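In: test case, fold it:
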Amino acid sequence: MAEGKLPLPGGARSPSSVRVLFSKRRLVITLLLSALLVWNWSIFNPYPVPSLLCWTARLLTSQLPGPGSPLPEPPSGPKWIVPGAEWLDTAGNPIQAHGGGLLKVNDIYYWFGEDKEHHGSNFRAVSCYASTDLYLWTRLPDALSPLEGSSISNQSVLERPKVIYNALNDDYVMWFHSDNLQYNAAEVGVAYSRTPEGPYTYLRSFKPFGADSRDDGLYVDDDGSAYLLYASDWNNNFKIAQLTPDFRDVREVTHVFYGGGYEAPGIIKKNGTYHLFISGLTGWWPNANSHLSAPSLSGPWTKPKDIAPSKLRTYFSQNTYDLVLQPGDDQGRGMMSLYMGDRWKSNQLGKSSYIWLPMTWSDDDGVWLDWIDIFSVDVKTGAITIPTGTAYHAAQGTLHGSAQLGNCTACASKRVVHHIGAGGSVTIPNIQGSGGSHWISVYYTNADWSWRETTMSVNGGPSIILAQPDTQNRAAFLSVPIRVALKNSSSNYITFGRNQTSYAGDLDKIIVYD
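Out: Below is the predicted model of the structure:
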């Protein structure tokens, strides 16, 4: 596996041979039973073929593995989720599920999102991944593909797909932002499927109540009613609308946030209170995402409050989905939930990464996101495990060429290394390793309004390129992760900026995790 790529969900793994053999045996048994019935029914049933074909189809379907089965066996070691890393599916390919949402069916999580492998805005596919632990993700066949001559052709835009289950029709309904390449169609699209993974049948695209709809989301309440959350009226207003009982159309507007320039919505209900998570309107650049609450979807709603330090712009991410792992007790105490966001890279959309972070709920139902470099989650209990890393400060390293030390009130060492690259570099020595792969979080600041990158060389080896999103503020520090191999020794060293012609961000520290 290439360095710098997160083994989420663990790299390429083959299905368990025992489970595959078991599935094959069930198939053989089904065929033998069918053959026996053909011989038996041909004697006693004058019209055996139609009824037999129906019976065989039902039996065969019931015996075949489900959509996510056989899923790869979970690894025995820690299942680290690393925000901002390149996440790989079980085939070893980068996960393409941007602007997505999750759906849990029994013990399987389905992750739907935009496939941006081509790095473009035009519609390529709605991808679908399956997992039982939020760590190992297996890509399934595309849930929705372009349909030529329609509003979801490959020359259209399809964004933020979300899927919910409809009990009335016993099917699954997908809603998404449906648009043209000029972004002036501004519609919602609807599709459905009899199975959670699809494929989904496209129904139509339309303007809810005749008004624009762009960024959207879905919410299903405790009573089974469903709601569309969407930016409307040229993004001047944000609306909540109840869906019809079949979830295929809008029924009535529940609330309008007039002048609310919101997008990327999600809702969590806790102890009877609705919590709305939203982003501002800043294009592909991140902003300080916010949280509002209300006793009813119709309001009254509180004023937006930041969910992370405002200058860090939600750690360079935008909300896409908010997942409840455990609802807690009757008063919502002990609720465990995850913020799920996208770290967009506008010039290479397929290289956009994912920022998942645990939510911290206060006693007054406030919500906060602390940055965590690496963590694991137990989907059964909602328990979060955070490992302890070892920090090494760049200011205590060896400077080369034009690299310089500067003051930094936000740094633990109160010093930062700048002028890295373009003739300057810094080597951090005496790094303890265990002889295997380690996750390393690199803390930096990049006051530009565009991404930078830095070279990183481990123990004199070849340079690795590490992207550094902009911070737009010298006092704002972000962390980007990379996975490297270290010797079982304290003699490891890492050099930043070697043989780099452009300037990298200013370097504060690195944190090394076993």
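In: please count neighbours and contacts with C-alpha atoms only from this point.
Out: OK.
In: got any ranges where the protein has weak pLDDT?
Out: For the chain, the stretches flagged by pLDDT under 70 are 1-70, 72-78.
In: in this structure, which residue is most central in space?
Out: By CA atoms, centre = their mean, the mean C-alpha position of the chain lies nearest to residue 354, the distance being 4.9 Å.
In: show me the beta-bridge partners of that residue.
Out: residue 342 (DSSP bridges).
In: what does residue 110 give?
Out: Per DSSP bridges, the residues bridged to residue 110 are residue 103, residue 130.
In: ok, it - contacts?
Out: Residues near residue 110 by CA atoms under 8 Å, 6 or more residues apart in numbering: 102, 103, 104, 128, 129, 130, 131, 196, 197.
In: try it again at 10 Å.
Out: When contacts are counted by CA atoms under 10 Å, 6 or more residues apart in numbering, residue 110 is found next to 67-68, 101-104, 127-132, 134, 137-140, 163, 196-197.
In: how much space separates it from residue 509?
Out: 37 Å (CA to CA, to the nearest Å).
In: ok, now residue 462?
Out: Distance, residue 462 to residue 509, using CA to CA: 21 Å.
In: likewise for residue 479?
Out: Separation of residue 479 from residue 509 (CA to CA) stands at 9 Å.
In: shared neighbours, these two?
Out: Jointly contacting residue 479 and residue 509 under the rule CA under 10 Å, 6+ apart are 441, 442, 443, 444.
In: between the residues you listed, which has the most around it?
Out: Highest neighbour count within those: residue 444, with 28 neighbours (other CA atoms under 10 Å).
In: ok, that residue - contacts?
Out: By CA under 10 Å, 6+ apart, the neighbours of residue 444 are 411, 416-418, 468-471, 474-480, 504-510.
In: before we move on, back to that, the more surrounded of residue 462 and residue 509?
Out: More neighbours surround residue 509 than the other of residue 462 and residue 509, with 25 against 11 (other CA under 10 Å).
In: give me the element the more buried one is part of.
Out: strand 506-513 (DSSP states H and E).
In: what packs against that strand?
Out: Strand 506-513 is packed against strand 390-393, strand 404-407, strand 415-418, strand 424-431, strand 437-445, strand 478-485, with contacts defined by 3 or more CA pairs under 10 Å, 6 or more residues apart in numbering; DSSP states H and E.
In: pull up the pairing partners for the second one, direction included.
Out: Strand 404-407 sits in its sheet next to strand 415-418 (antiparallel), going by DSSP bridges.
In: can I get the CA coordinates of the strand it pairs with in PDB?
Out: In PDB, the C-alpha atoms belonging to strand 415-418 read as follows (Å, rounded to 0.1, in the frame of the first residue of the first chain):
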ATOM      1  CA  ARG A 415       8.300  29.100  17.800                       C
ATOM      2  CA  VAL A 416       7.500  28.100  14.200                       C
ATOM      3  CA  VAL A 417       9.700  27.200  11.200                       C
ATOM      4  CA  HIS A 418       9.000  29.200   8.100                       C
END
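In: hmm, who's touching it?
Out: 393-397, 399, 402-410, 424-426, 444-445, 503-509.
In: strands - which of the contacts of residue 110 land there?
Out: If you go by DSSP state E, these have 101-104, 127-131, 138-140, 163 in strands.
In: can I get those residues in JSON lines with distance to residue 363 and neighbour count?
Out: Output for the ones in strands among the contacts of residue 110, formatted as JSON lines (distance: CA to CA, whole Å; neighbours: other CA atoms under 10 Å):
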{"residue": "101", "distance to residue 363": "28", "neighbour count": "26"}
{"residue": "102", "distance to residue 363": "27", "neighbour count": "22"}
{"residue": "103", "distance to residue 363": "28", "neighbour count": "19"}
{"residue": "104", "distance to residue 363": "28", "neighbour count": "17"}
{"residue": "127", "distance to residue 363": "38", "neighbour count": "26"}
{"residue": "128", "distance to residue 363": "36", "neighbour count": "29"}
{"residue": "129", "distance to residue 363": "35", "neighbour count": "26"}
{"residue": "130", "distance to residue 363": "34", "neighbour count": "26"}
{"residue": "131", "distance to residue 363": "32", "neighbour count": "23"}
{"residue": "138", "distance to residue 363": "38", "neighbour count": "27"}
{"residue": "139", "distance to residue 363": "39", "neighbour count": "21"}
{"residue": "140", "distance to residue 363": "41", "neighbour count": "16"}
{"residue": "163", "distance to residue 363": "31", "neighbour count": "27"}
